[in-house]
Structure formats: C-alpha cells, structure tokens
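Trainee: Any chance you can model this:
(6 chains)
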Amino acid sequence: MAARKEAVMNQIRSELALANAQELMNKTNEKCFAKCVTKPSTSLSSSEEARTTCLSRCLDRYMEAFNLVSKVYIARVSKERLNERDSV
Amino acid sequence: MAARKEAVMNQIRSELALANAQELMNKTNEKCFAKCVTKPSTSLSSSEEARTTCLSRCLDRYMEAFNLVSKVYIARVSKERLNERDSV
Amino acid sequence: MAARKEAVMNQIRSELALANAQELMNKTNEKCFAKCVTKPSTSLSSSEEARTTCLSRCLDRYMEAFNLVSKVYIARVSKERLNERDSV
Amino acid sequence: MADKFDEATQKELSQFVETEQAQARLHQSIHTFTSMCWDKCITGTPSTRFSRSEESCLANCVDRFLDTSLFMVKQIEHQREQARYQ
Amino acid sequence: MADKFDEATQKELSQFVETEQAQARLHQSIHTFTSMCWDKCITGTPSTRFSRSEESCLANCVDRFLDTSLFMVKQIEHQREQARYQ
Amino acid sequence: MADKFDEATQKELSQFVETEQAQARLHQSIHTFTSMCWDKCITGTPSTRFSRSEESCLANCVDRFLDTSLFMVKQIEHQREQARYQ
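Mentor: So this is what the prediction gives:
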C-alpha cells in the first residue's frame, strides 16, 4: 500500500515537473526564435554561426531571467505573507 | 434536499462570479501595468504620484470599457437573434 | 454494440473536427480584423468595398497559409521520424 | 457522503449548469473583446474620461468585429456553393 | 484494478495533490512574469550577460507588477467603501 | 442508460481516443505555427496571391522554428553533460 502511494505521488510529481520544463522550453523557443530568426530564410546555415550564437546566448539569458524572476517573486510573496501575519 | 440543491447552485454561481472577477482583475493589471509602468525602476515612489494617478485612471477606464463592450455586445447578440427568428 | 461503438467514434470525430474548424475561424477573424479594420468606424459601409475586398482576400490567404504550414510541418515531422529510425 | 439527488433534481441541476456555462462563455467573449478593442482604440495615457473618438472606437470595434465574423461565415458558405456547382 | 486506498491514505493523497497544484500555480505565475518582463526589459540582441540596466529592470518589473496588483485591489476596496457611504 | 461496452471494445475505443487526441495536438501545433508565421511574414495588406518572398518566408518559418527547437534541446543536453564532468 505504502509503495503504491509513493508510486502515485512520484507519478504526479514527475508529470508536473515535465509540464513545467515543457512550458519553459516552449517559452524559450518562442522568445529566442522571435529575437534571433527575424527573417526566416532557406536554412539556418547562411549566417548560421551568427544565428546559433544568438540562440545559444538567448537560451542562457532566458534561463537566467527565469531564475531571477523566481527569486524575486518568491522573496516578495514571503514578505507579503509576513506583513499579513503581523497586521492580524 | 432542496436546501442541498440551493447550496450546490450557490457554490457554482459564486465560483463562476469569482473566476469572472479574477479574469477582469488580471486583464486590468496587465493592461494598466503596460500603460503606466513603461520602464520598471526601483520603486513606484520616484514618480509615484504620476504612476498611481495613471493606474487609478486606467482602472476606471478599463472598467468603463468592459461595461461599454458588454452593453454593445449583448445588444448586438439580441438583435442577431431577432433577425434569425424573423428570417425563419 | 458495433453500431453504438461507431456512433461514439463518429461523435468524437465530429466534435474534434468542429473544434478545429472553430479555432481556424477564430484565428482568421482575429488576424483579418487586425489587418483590414484598422480604425473601427460606425459601419463597414463607408469604405465598405475596400474592407470586404481586404477581408475576402485575407480569408483566402489565411487558409492558404494554414495549408502551406500543414504541408511543411507534416513533411518535416515525417522526415525527423525517419532520421530517428535510421539512427537507432 | 450524502445521498444522491433524485432524477428530477439532477436534471434541474444539469440545466442550471448549462445556463451558467453559457453565461461564463458570454463573459469570456466580453473579456476577449474588451482586451482586443482596448489595444486597438486606447493608444494614449489614460485620462479622467474617454475622448469621444476613443468611446466610439470601442463601441464600433465590437460591432465591426461581429460584422467581420458574419462576413467570413457567409464568404465560406458562398465558396462552398460555388465549388459544388463546378 | 488494484484495491482502493484506505481513507487516511486518500486524505494524505488529496492533501499532496493540493500542495502540488499550488506549486504548479506558482510556477505558472513565474512563467507569465518571466515572459512579460523579458518583453519589457530585454529589447536588444542577447549578449553573454545581462547589462546592469536589464538585470535591474527584470527584478523591478516583478516587484512593480505586484505593487500594481496590490494598488488596484486597494483602489477597488476604497471605491466600494465610498459607494457604501453615499 | 445502455449497457457498458465489453473489454475489447473499451480497449479499441481508448486507442481510438488516443489517436484522435494526437491528431488534435498536431492540429493545435499547426494553428500555433500558422498564427506565429503569419505575423512574422505577412506584413502588408492581403493581396490576391502571396508574393514569392511571403510564400518562402512562411515555409521557412516552420522549418527554422523546428531547427530552433532541436538546437535548443541539443544545447541543453550539451550543457548537462559538461556539468556532469566538472
């Protein structure tokens, strides 16, 4: 029974983690395609080096932005919760 | 039984009303943040007065726009329904 | 039993086909309204001819774009699947 | 858990849910229109009231969008009919 | 199919699901903020690091958006109270 | 209500639903790509046909977006491997 419970919990956990990673990947692709592929031409290879450099940096920056936003948002939510508790 | 039925109906009603109010609030925040906070700086307080004036007016205008759109949309839907009935 | 099975399958098929057609219609309306009705005035009839010409062409082009995108996307997905199979 | 509702009540409730869902879809359309027409018509900084051109733009935006939708449906039907007689 | 979970386990699982759903909503908010603040703050071509102004814009964007939300809620409550005493 | 389907039919139906759902996801991707590539490639007023540059832009847009997705996945795997051997 306990093993089956753990199995259910692990499945839920990994489904949500997968959905989160996919959403991050989708957003990154969307933003970086918009930034680095302004005029879609026949292949990435014409100015391929410039493109892949842009995409690679954009990926790193988007992950950095996501981490920064997480940090600031979670800090703020915690602060607001403390304020609420103090004001009761 | 009748009391329990009423309770179920009231719960559904208030859940939908809440979802509607939240959607309106989300849209208002999104639109007014875009209009009034063009370059996010360290605090709302630097030119805070200008910002809060802008936000407060934007809130009123967005609510007014929502009400106007509702009125026009519902009037039009009713008119189309009448036309349909007449053409049958 | 077999008839009931077919009925269930047909219902699912037609629900999904309807959802797909509605999504295509919604997107077309959104894109073509944005392109052809830049400043909404009291009626479509002021420069109505220009508007309806624009809307009618836009509808044809959006359908053409949808078909082109489908063709390219499905061709690419099939190609990637073959590559995957070959590399195993 | 409590007893289930009898059949008549279940029917009434499912009708109630349907009406409420139709209402929710109506609200959703109004949210979508408000958002789209706000972006199209309100381009300046919010003021204490709408200008006359902003207000008429908002109202016309809804009507013109619905005109567009109706026109598109007719256009598609028209094309289908033409295709059938060829 | 296997036997159902006992009542205590069902309760634990439903609490677990609730916590995980709250976590998922938190992540969804972070995705939305990252997307919105990226569009607002990162206007140039991506470089090997953020400029100082980009980085502070991103951090401030989140805080200013939350300030905006709180301000709006207070404003609405204020208007309701005024309406009540008129 | 009618009797339930037997086990074989249930299995067949659930397989059918899965295939149809995969089809629906495919259609959803096509809607998303059409919308995104339309905005990127069709900047002028609609004409009686696409210009050659519009048409090639649309086709390339899909392929370049899929290139981008594949590149990103490889890049992430590459970074993970590097992190593992450090």
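
Trainee: Write out the residues of chain D neighbouring chain C.
Mentor: Proximity of chain D to chain C is confined to D:36-37, D:40-41, D:56-57, D:60-61, D:63-65, D:67-69, D:71-73, D:75-76 under the rule Cβ under 8 Å from any Cβ of the partner chain. C-beta: built from backbone N, CA, C; applies to glycine.

Trainee: buried subset of those residues?
Mentor: D:36-37, D:40-41, D:57, D:60-61, D:63-65, D:67-69, D:71-72 (16 or more other Cβ atoms under 10 Å in any protein chain shown).

Trainee: Just the residues you listed: which are in helices?
Mentor: D:36-37, D:40-41, D:57, D:60-61, D:63-65, D:67-69, D:71-72 (DSSP state H).

Trainee: What sits closest to residue A:39 if chain neighbours are left out?
Mentor: Take residue A:39 and drop its neighbours on the chain: the residue closest to it by Cβ to Cβ, 6 or more residues apart in numbering or on different chains is residue F:57, 7.1 Å away.

Trainee: same thing with residue D:12?
Mentor: residue B:5 (7.3 Å).

Trainee: Contacts only, for that neighbour.
Mentor: Counting by Cβ atoms under 8 Å, 6 or more residues apart in numbering or on different chains, residue B:5 makes contact with D:5, D:9, D:12-13.

Trainee: Could you tell me which of the residues you listed count as buried?
Mentor: Listed as buried from those is no entry at all; burial here means 16+ other Cβ under 10 Å.

Trainee: just checking, which of the residues you listed belong to helices?
Mentor: Secondary structure defined by DSSP H assigns D:9, D:12-13 of the contacts of residue B:5 to helices.

Trainee: Kindly indicate which of these lies nearest residue A:59.
Mentor: Top of the list for closeness to residue A:59, among the ones in helices among the contacts of residue B:5 and by Cβ to Cβ, is residue D:13 at 50.4 Å.

Trainee: And the residue of chain A closest to chain B?
Mentor: Across chain A, no residue is closer to chain B than residue A:72, which sits at 11.1 Å (Cβ to the nearest Cβ).

Trainee: and stretch A:67-81, does that touch chain F?
Mentor: No. Stretch A:67-81 is not in contact with chain F by Cβ under 8 Å from any Cβ; minimum separation 14.2 Å.

Trainee: How about residues contacting that stretch?
Mentor: In contact with stretch A:67-81 (Cβ under 8 Å, 6+ apart) are residues E:26, E:29-30, E:33-34, E:37, E:55, E:58-59, E:62-63, E:66.

Trainee: Just the buried ones from those, in PyMOL syntax?
Mentor: A single PyMOL command is used to select the members of the contacts of stretch A:67-81 judged buried by 16+ other Cβ under 10 Å:
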select buried, chain E and resi 30+33+34+37+58+59+62+63+66
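
Trainee: what two of the contacts of stretch A:67-81 are the furthest from one another?
Mentor: Comparing all pairs in the contacts of stretch A:67-81 by Cβ to Cβ, the longest separation belongs to E:26 and E:55, at 22.4 Å.

Trainee: want to throw the contacts of residue B:5 into CSV with pLDDT?
Mentor: Converted to CSV, the contacts of residue B:5 look like this (pLDDT from 0 to 100):
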residue, pLDDT
D:5, 82
D:9, 89
D:12, 91
D:13, 92
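
Trainee: excluding its backbone neighbours, what's nearest the most centrally placed residue in chain D?
Mentor: To find the centre residue of chain D, average its C-alpha atoms and take the closest one (Cα atoms, centre = their mean): that gives residue D:29, at 3.4 Å. Here the nearest residue to residue D:29 in space, its sequence neighbours aside, is residue B:73; by Cβ to Cβ, 6+ apart that works out to 6.8 Å.

Trainee: How much space separates that neighbour from residue D:28?
Mentor: Residue B:73 sits 11 Å away from residue D:28, taking Cβ to Cβ, to the nearest Å as the criterion.

Trainee: In terms of neighbours, single out the busier of those two.
Mentor: Set side by side, residue B:73 and residue D:28 show more neighbours around residue B:73, with 20 against 13, by other Cβ atoms under 10 Å in any protein chain shown.
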